[in-house]
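Enquirer: What follows is a protein structure lacking sequence information:
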């Protein structure tokens, strides 16, 4: 950056972390990308390509790489935590509690709660979440996009906005951490369901109905947990749902399609967050007597408890009701 400021640490060299690091580095920021494996760091340094996660994107020369976590966050005000949700608790354990953490994973903590709440319980005083319709390959490729950073700490949200804003990425701020974080979580399950519809060739009517009812299910859950209604229909809610449920680039949609065809829903090195999330949300809903019919169907089909036919029947044979009532 040329200003004496510390490098922006991006922790996690998967597709999303790499895309965020590339976007910030292209805009002239000093960025350091942390990867857990030293051999990956060596490969990134040598080839300037992340072949496993973002093979079509050349990593800009100013972008630096390290497997030393202390080096990555040294002197930084905050870090982007971009590892999959299952790896977030372990990574947070290793970070100084004075560091601001920006949670970029769209998943839940091991107990089914929010990752932001977990971070606070672990002693982090400055926490933010980043979410939106952000397909990693498009962000990495420099296509125009928008995202939202939400935090109760406005100073942190504005700092993240300043660090990531670029001609190709418009960054909005929000104070609604619950809505922004959980919108990104639920849309992955809805995208899995949309992929099931695609894989079973059930048609556009079915997919449109699924996405619409999925948004209603997201709204009911988010509002119950304290989100603001505007957030449901914003970038991290409706926007992210639309992108993830319809795009050929969506890992979760593709995983649902693979499930429908009897194939392994995991995609090599890429993590499919919705598979883990569906089970956690279904368990939470059962424990709290909360009705999440699409989540339940996806979770139980994914676990093998229900067949695909049973999952479809569970949605199509629900009691008749007025649309506004359910």
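Expert: Right, received. Where do you want to start? These numbers were taken from a predicted model, which means no experiment stands behind them. Residues are numbered from 1 along each chain as shown.

Enquirer: Show me how this protein divides into domains.
Expert: 8-175, 179-325 (automatic domain parsing).

Enquirer: got those domains as CSV, with mean pLDDT columns?
Expert: Below are those laid out as CSV (pLDDT from 0 to 100):
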stretch, mean pLDDT
domain 8-175, 97
domain 179-325, 93
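
Enquirer: Please produce CSV containing those, extended by mean neighbour count.
Expert: C-betas here are computed from N, CA, C, even on glycine. Output for these, formatted as CSV (neighbours: other CB atoms under 10 Å):
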stretch, mean neighbour count
domain 8-175, 19
domain 179-325, 19
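
Enquirer: any idea how far the longest helix belonging to the chain is from the chain center?
Expert: Criterion DSSP state H: the longest helix present in the chain is helix 177-199. Relative to its parent chain, helix 177-199 has a centroid offset of 9 Å by CA atoms, centre = their mean, to the nearest Å.

Enquirer: Which residues are in contact with residue 56?
Expert: 137, 140, 141 (CB atoms under 8 Å, 6 or more residues apart in numbering).

Enquirer: Okay, strands next: where are they in the stretch 51-200 of the chain?
Expert: 54-58, 64-66, 78-81, 100-103, 127-131, 145-150, 169-174 (DSSP state E, counting those that start in this stretch).

Enquirer: So what sits opposite residue 150 in the bridge?
Expert: Residue 150 forms beta bridges with residue 129, residue 174, as assigned by DSSP bridges.

Enquirer: mind listing what it touches?
Expert: Residues in contact with residue 150 (CB under 8 Å, 6+ apart) are 128-131, 157, 173-177, 179-181, 236.

Enquirer: between these, which is nearest residue 295?
Expert: residue 181 (16.4 Å; CB to CB).

Enquirer: which non-adjacent residue is nearest residue 164?
Expert: Distance criterion CB to CB, 6 or more residues apart in numbering; nearest residue to residue 164, sequence neighbours excluded, is residue 171 at 5.0 Å.

Enquirer: same check, this time on residue 24
Expert: Excluding the flanking residues, the one nearest residue 24 by CB to CB, 6+ apart is residue 31, at 4.9 Å.

Enquirer: what about the one you found, distance to residue 187?
Expert: For residue 31, the distance to residue 187 (CB to CB, to the nearest Å) stands at 27 Å.

Enquirer: Can you tell me the centre-most residue of the protein?
Expert: The centre of the chain sits closest to residue 106, judged by CA atoms, centre = their mean, with a distance of 2.8 Å.

Enquirer: how far away is it from residue 258?
Expert: Distance of residue 106 to residue 258, computed by CB to CB: 19 Å.

Enquirer: and if you look at residue 252?
Expert: 11 Å.

Enquirer: what residues do those two have in common as contacts?
Expert: Here residue 252 and residue 258 have residue 195 as joint contacts, going by CB under 8 Å, 6+ apart.

Enquirer: before we move on, back to that, could you list every residue that touches the residue nearest to residue 24?
Expert: 7, 8, 9, 10, 21, 24, 25, 62, 63, 64.

Enquirer: Equivalent analysis for residue 94, please.
Expert: Counting by CB under 8 Å, 6+ apart, residue 94 has contacts residue 69.

Enquirer: Now do the phi/psi pair for it.
Expert: Taking degrees, to the nearest 10, you get phi -90, psi 0 for the backbone angles of residue 94.

Enquirer: on that earlier part again, and of the contacts of residue 31, the nearest to residue 49?
Expert: Closest to residue 49, out of all of the contacts of residue 31 and judged by CB to CB, is residue 63, at 11.6 Å.

Enquirer: My read is that the closest one contacts residue 29, right?
Expert: No - taking contacts as CB atoms under 8 Å, residue 63 lies outside contact range of residue 29: 9.3 Å.
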